[in-house]
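Colleague: Okay, predicted coordinates and the sequence, questions at the end:
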Amino acid sequence: MGKSKQVGNHKSGKKKHIAKTWKTKRRTKDIDQIHADMIPGNAAKLLKQDVDYDVTGSAQHYCLHCARYFVDLKTMKEHFKTKIHKKRLKKLREEPYTQAEAERAAGMGSYIPAKTIEVHTQQVEENMD
């Protein structure tokens, strides 16, 4: 008698691609999407949102640069001091990548260095309600 071929293993009934769900679990907005949110008209809408009880902190405390909601003003101020927020501000200083830049990189034009944009942490209004 020869060995029998193994058909499956003990994990056959479970999710096989769990690593993909781990990678996308904490997915945030991309840098170019945040640049679009930083346009003054869009920023005003995001910072002055209506009360939404399905969102953390009822959507009243939002970090525009990190695209995150916070429970209260204190935690948002603490977030402004963190390394994650400071790294995001540094990334946002670069101008977003455009189609024109892609064409220049492919040899369809002259090289123009990327511009830097002045980005500061948003101002927080403290309500004494």
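Modeller: Now that the structure is in, tell me what you want to look at.
Colleague: Test my guess that Thr75 contacts His61.
Modeller: Yes - using Cβ atoms under 8 Å, Thr75 makes contact with His61 at a distance of 7.5 Å. Where C-beta positions appear, they are placed from N, C-alpha and C, glycine not excepted.
Colleague: which stretches of this protein have low pLDDT?
Modeller: In the predicted model of the chain, residues 1-2, 6-17, 25, 126-129 satisfy pLDDT under 70.
Colleague: Could I get the full set of strands for it?
Modeller: Applying DSSP state E to the chain gives strands spanning 62-63, 68-69.
Colleague: among those strands, which is nearest Arg26?
Modeller: With Cβ to Cβ, the closest approach to Arg26 among those belongs to strand 68-69: 10.3 Å.
Colleague: before we move on, the earlier item: nearest to Leu92 among the strands of the chain would be which one?
Modeller: Comparing the strands of the chain by their distance to Leu92 (Cβ to Cβ), the top pick is strand 62-63, with 11.8 Å.
Colleague: Which neighbours in the sheet does the closest one have, and how are they oriented?
Modeller: According to DSSP bridges, strand 62-63 forms sheet pairs with strand 68-69 (antiparallel).
Colleague: rewinding a little: please identify which of Thr75 and His61 sits among more neighbours.
Modeller: Taking neighbours as other Cβ atoms under 10 Å, Thr75 and His61 compare with His61 leading, 22 against 12.
Colleague: Give me the distance between Gln49 and Arg26.
Modeller: Distance, Gln49 to Arg26, using Cβ to Cβ, to the nearest Å: 21 Å.
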